[in-house]
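**Student:** Any chance you could fold what I've pasted below:
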Amino acid sequence: MSFPLKLNPDRLFPSDPTIRSIARALYEPIKGLPIVSPHGHTDPAWFAYDEPFANPADLLIVPDHYVFRMLYSQGVPLEDLGIPTVDGSPTASDPRKVWQLFAERYHLFRGTPSRMWLDWVFADVFGLDVRLEAATADLYYDTIDAALKTPAFRPRALFEKFNIEVIATTESPLDPLDHHRAIRESGWKGRVVTAYRPDPVVDPEHHGFARNLIRFGEVSGEDISTWGGYLRAHENRRAYFREAGATSTDHGHPSAATANLSRADAEALYAKVLAGPVSAADAELFRAQMLTEMARMSIDDGMVLQIHPGVWRNHNAGVEARFGRDKGADIPKATTYVDALKPLLDAFGTDPRLSVILFTLDETSYSRELAPMAGHYPVLRLGPPWWFNDSPEGMRRFREQVTETAGFYNMVGFNDDTRAFLSIPARHDVARRMDCVFLAQLVAEHRIDQDEAHEVARALAYDLAKQAYKL
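**Tutor:** As a prediction, this is how the structure comes out:
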């Protein structure tokens, strides 16, 4: 017996009929707004060459660490899911078997955001009307596989079907951005921009840092043996990225620490970093100094600075060694901002040319630190709930804890921050629904009027992201 799959139009709306009715009214005019996706990790090659996606497993399982980390936590080896290895040693090569394994364990995703996003993809994108389980695995695979062979399911067609106005990818300073050039030269009208992610040449503890620095000097044409040359290399690469549409930089540091060293002290620290290896304390200080340097460069070139701190990245050393980075083992850590950002804010916190977007995985910092800081410093804006908190519950907690102090307009709307292309509209729909639920509660309690709630709902869904990211 197969169970039906149907998306309830009132999903995520409250059971209280009065608030549900208001939420519906707020959601209706914004549900079809274009998607602005200002930060993410989709592959620009998809849009550059518009080739068909290979198969359901390679599209929906292999690139999505939300999916395979859950299966791994339940004892499924990543090799059995076809996750590529660093050394090229073989893993599962039959995508149908990978899909069957996933389908047999789909119940593991009950109650998770991944279940909501995937069900949306299955029902809304592929028209499936029965639930995924072991018995329906072949039906799902055959339906999705057949669709992927048609022109309507190529990357550019899906981009347009999803009503994406602009999407930002994220690249290393060492990336030649050939895919972005190919997109521009193709004549296709879809807007795909890049973002500058300098971690590989900013973090002395990053794998291959010394080798990356050598390459950084080569691609920038600068002598990175001096502090001044190293900074000029960043300035040159930032300019190169802006030519490819970049409006933002992104920094995935372990903490939000910033520093504002004297020129002599910065030069001495860089000499240590260049000689390597450095102590953990010096590595942290160098990253901290570079956040302040990036803020200074943003004042000069107008790029928005995003900080994604508070993560022990690649916590599972064995997985990183065998499968590489970003394989679902990034674990949140307690994060502080008040002390950490003080040096940067002392230097640039009131400069109207600077915009800094803060993210966190530490919910304890919402009302204690982030909201009060964003509610005071003109340069600060708050990014939406990220990773483990980009769920209905996480979105609700975020709104409840930050809005009363920071207001709505010190936030930047929603970004999906995903590699899973087909889940983008589902993620934005969840965010729009939850924002309407929060606003409906305010209306029902006579804290704001309904016409104001309509304005805020649109701002959160569309306007604030465009404004914050200068898109």
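**Student:** Please report how far residue 284 lies from residue 197.
**Tutor:** Counting by Cβ to Cβ, to the nearest Å, the separation of residue 284 from residue 197 is 19 Å. C-betas here are computed from N, CA, C, even on glycine.
**Student:** Those two - which one has more neighbours?
**Tutor:** residue 197 (23 against 19; other Cβ atoms under 10 Å).
**Student:** Let me know the pLDDT of the more buried one.
**Tutor:** At residue 197, the predicted lDDT confidence score is 98.
**Student:** can you pull the contacts of the spatially most central residue of the chain?
**Tutor:** Geometric centre of the chain, nearest residue: residue 417, 1.8 Å, by Cα atoms, centre = their mean. Shown in contact with residue 417 (Cβ atoms under 8 Å, 6 or more residues apart in numbering): 39-41, 386-387, 390.
**Student:** any chance you could map the helices in the stretch 351-471 of the chain?
**Tutor:** 365, 371-374, 392-406, 424-444, 450-458, 464-468 (DSSP state H, counting those that start in this stretch).
**Student:** do the stretch 201-350 of the chain as well
**Tutor:** With DSSP H, counting those that start in this stretch, the ranges of helices along the stretch 201-350 of the chain come out as 209-220, 227-243, 263-275, 280-301, 317-323, 342-348.
**Student:** so can I have TSV of those showing mean pLDDT and distance to residue 201?
**Tutor:** Formatted as TSV, these follow (pLDDT from 0 to 100; distance: least, Cβ to Cβ, whole Å):
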stretch	mean pLDDT	distance to residue 201
helix 209-220	98	5
helix 227-243	98	8
helix 263-275	97	11
helix 280-301	98	9
helix 317-323	94	19
helix 342-348	98	20
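**Student:** excluding its backbone neighbours, what's nearest residue 225?
**Tutor:** residue 274 (6.9 Å; Cβ to Cβ, 6 or more residues apart in numbering).
**Student:** ok, back up a step: in the contacts of residue 417, which has the lowest confidence score?
**Tutor:** At the low end of pLDDT for those is residue 387, which has 82.
**Student:** Quick check: it vs residue 290, distance?
**Tutor:** From residue 387 across to residue 290, the span is 23 Å (Cβ to Cβ).
**Student:** With neighbour numbers in mind, choose between those two.
**Tutor:** The neighbour count for residue 387 versus residue 290, taken as other Cβ under 10 Å, is higher for residue 290 (26 against 18).
**Student:** give me every residue that touches the more buried one.
**Tutor:** Going by Cβ under 8 Å, 6+ apart, residue 290 touches 198, 202.
**Student:** ok so, going back, so of the helices of the stretch 351-471 of the chain, which one's packed in deepest?
**Tutor:** Among the helices of the stretch 351-471 of the chain, ranked by average contacts under mean count of other Cβ atoms under 10 Å, first place goes to helix 424-444 (a mean of 23).
**Student:** CA atoms of that one as PDB?
**Tutor:** Extracted C-alpha coordinates of helix 424-444, given in PDB (Å, rounded to 0.1, in the frame of the first residue of the first chain):
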ATOM      1  CA  ILE A 424      15.700  26.800  -3.400                       C
ATOM      2  CA  PRO A 425      12.100  27.700  -4.100                       C
ATOM      3  CA  ALA A 426      11.000  25.300  -1.300                       C
ATOM      4  CA  ARG A 427      13.300  27.000   1.200                       C
ATOM      5  CA  HIS A 428      12.100  30.400   0.200                       C
ATOM      6  CA  ASP A 429       8.500  29.300   0.500                       C
ATOM      7  CA  VAL A 430       9.100  28.000   4.000                       C
ATOM      8  CA  ALA A 431      10.600  31.400   5.000                       C
ATOM      9  CA  ARG A 432       7.800  33.300   3.500                       C
ATOM     10  CA  ARG A 433       5.200  31.300   5.200                       C
ATOM     11  CA  MET A 434       6.900  31.500   8.600                       C
ATOM     12  CA  ASP A 435       7.300  35.300   8.300                       C
ATOM     13  CA  CYS A 436       3.600  35.600   7.500                       C
ATOM     14  CA  VAL A 437       2.800  33.500  10.600                       C
ATOM     15  CA  PHE A 438       4.900  35.800  12.800                       C
ATOM     16  CA  LEU A 439       3.400  38.900  11.200                       C
ATOM     17  CA  ALA A 440      -0.200  37.500  11.600                       C
ATOM     18  CA  GLN A 441       0.400  37.100  15.300                       C
ATOM     19  CA  LEU A 442       1.400  40.700  15.600                       C
ATOM     20  CA  VAL A 443      -1.700  41.700  13.600                       C
ATOM     21  CA  ALA A 444      -4.000  39.500  15.700                       C
END
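**Student:** Now do it and helix 450-458, the angle between them.
**Tutor:** On the basis of axes from the mean of the first three to the mean of the last three Cα atoms, to 10 degrees, helix 424-444 is oriented at 160 degrees to helix 450-458.
**Student:** Which other helices and strands does helix 424-444 contact?
**Tutor:** Packing contacts for helix 424-444, counted by 3 or more Cβ pairs under 8 Å, 6 or more residues apart in numbering; DSSP states H and E, involve helix 17-27, strand 35-37, helix 113-120, helix 392-406, helix 450-458.
**Student:** Could you provide these in JSON lines, with additional columns for distance to residue 133 and mean pLDDT?
**Tutor:** JSON lines is the format used below for the helices and strands packed on helix 424-444 (distance: least, Cβ to Cβ, whole Å; pLDDT from 0 to 100):
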{"stretch": "helix 17-27", "distance to residue 133": "30", "mean pLDDT": "98"}
{"stretch": "strand 35-37", "distance to residue 133": "30", "mean pLDDT": "98"}
{"stretch": "helix 113-120", "distance to residue 133": "12", "mean pLDDT": "96"}
{"stretch": "helix 392-406", "distance to residue 133": "24", "mean pLDDT": "96"}
{"stretch": "helix 450-458", "distance to residue 133": "36", "mean pLDDT": "98"}
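**Student:** Between those, which one is closest to residue 250.
**Tutor:** Ranking the helices and strands packed on helix 424-444 by proximity to residue 250 (Cβ to Cβ) places strand 35-37 first, at 13.6 Å.
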